[in-house]
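[1] Curious how this folds, go ahead:
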Amino acid sequence: MNGVRWSLESPSGVGAVAVIVLSGPTPEELDRTLEELGFGGVGVGTLALRDFLGVDRGVFARWSPTSAALMPHGGGAVVRALCEALSERHVARAERTKPGDMYPEAGGELEAAMLAALGRAHSPLAVSLLLDQPRRWSRAGAASDAERDLVLRRLIEPPLVVALGASNIGKSTLANALAGRQISLVADEPGTTRDHVGVMLDLAGLVVRYVDTPGVRDGAPAAEAEAARIAREVAERADLILLCCDAGSLPVDVAGFARAPNVLRVGLRSDLGLPCGPVDVEVSVRRPESLSPLVDAVRERLVPGAALAHPGPWRFWNEGEVEGIRP
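    You can find the predicted model right below:
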């Protein structure tokens, strides 16, 4: 349909509502396309309830003469079906819309990029920091630190945390306790977890992708050994490995990893005895208060308090969203 394009602007799997933006090169082209899609009659700066191509019913907003947004339910199946329906009607997919087009009310590129980052940030800790960035960047000579920029980026894009350790030491019980619900099977039989299980966890305001992996043990059956091998591959990509042990097992050796991992040594089932070897934190799910030091330690390893408290600006935006500002 002419030069009108669609782009998915909301992060995958985050929030109850998704945002799909339609943008056109001219107001006339966008008006014509909206009429053909059944979204016409909505003035700039107004909202309306609309049926979305037989897929869903949601809020339609006309942001500007050349930009509009469909806000359906945020479930993955709904979003995929609606995107496919747009493509079937010859509305091509575009690259991510520039923040300035999405937020015409913003007071410049930086503020627009800040609003866009708020929309895709997973961690509550990001909110106050992002809101303060226009003020921080307005200072004379403002400059960010590249290393701190990368650390704080974890507030927007959840880091990967992988629990790695021997079989039957309580890793799955720990995952369930942190999640507050059952995400992993728990049993006294070694090898109960045969595949890695992932979940998003809010740890003291930092949202992480947490992966519970199968236990590593000598003499495991072929299927279990293969699952453990895959678990190590996942751990190779982790931002932080929770290297777990208990009173009867030593931590898994990570010396052979391709890169030196960021490791937090965790002693599990501490109510049953002292862990084998030195650990950074001891945990017993029978003592819920023992989870807090672990949560705090994970957050500190991934996003240190010093980085959060630093008064300097943060280069939080994606490449090309803000011109004229360099680290």
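[2] Going by residue numbers, what spans are strands in this structure?
    5-8, 20-23, 47-52, 56-64, 67-71, 92-93, 160-165, 197-203, 206-212, 240-245, 263-267, 281-282 (DSSP state E).
[3] List the buried residues for the longest one?
    Okay, so that is strand 56-64. 56, 58, 60, 61, 62, 63, 64 (16 or more other C-beta atoms under 10 Å). For every residue, glycine as well, the C-beta is placed using N, CA and C.
[4] Now flag whichever of those residues is closest to residue 135.
    residue 63 (25.0 Å; C-beta to C-beta).
[5] State the distance from the closest one to residue 43.
    11 Å (C-beta to C-beta, to the nearest Å).
[6] in the stretch 151-300 of the chain, what spans have low per-residue confidence?
    Residues of the stretch 151-300 of the chain that meet the criterion pLDDT under 70 lie in 182-197, 215-225, 227-228, 256, 258-260.
[7] at 90 instead, please
    165-173, 176, 179-200, 212-237, 245-262, 269-278, 285-286, 288 (pLDDT under 90).
[8] Tell me where it has helices.
    Taking DSSP state H, counting those that start in this stretch as the test, the helices found in the stretch 151-300 of the chain are 171-179, 222-236, 291-302.
[9] Determine the set of other helices and strands touching the first one.
    Pointing back at helix 171-179 there. strand 160-165, strand 197-203, strand 206-212, helix 291-302 (3 or more C-beta pairs under 8 Å, 6 or more residues apart in numbering; DSSP states H and E).
[10] how about the closest residue to residue 43 other than its chain neighbours, what does it touch?
    By the measure of C-beta to C-beta, 6 or more residues apart in numbering, the closest residue to residue 43 outside its immediate chain neighbours is residue 62, 6.2 Å from it. By C-beta atoms under 8 Å, 6 or more residues apart in numbering, the contact list for residue 62 reads 42, 43, 44, 45, 46, 68.
[11] Repeat the analysis, applying 6 Å as the threshold.
    Applying C-beta atoms under 6 Å, 6 or more residues apart in numbering, we find residue 62 in contact with 42, 44, 68.
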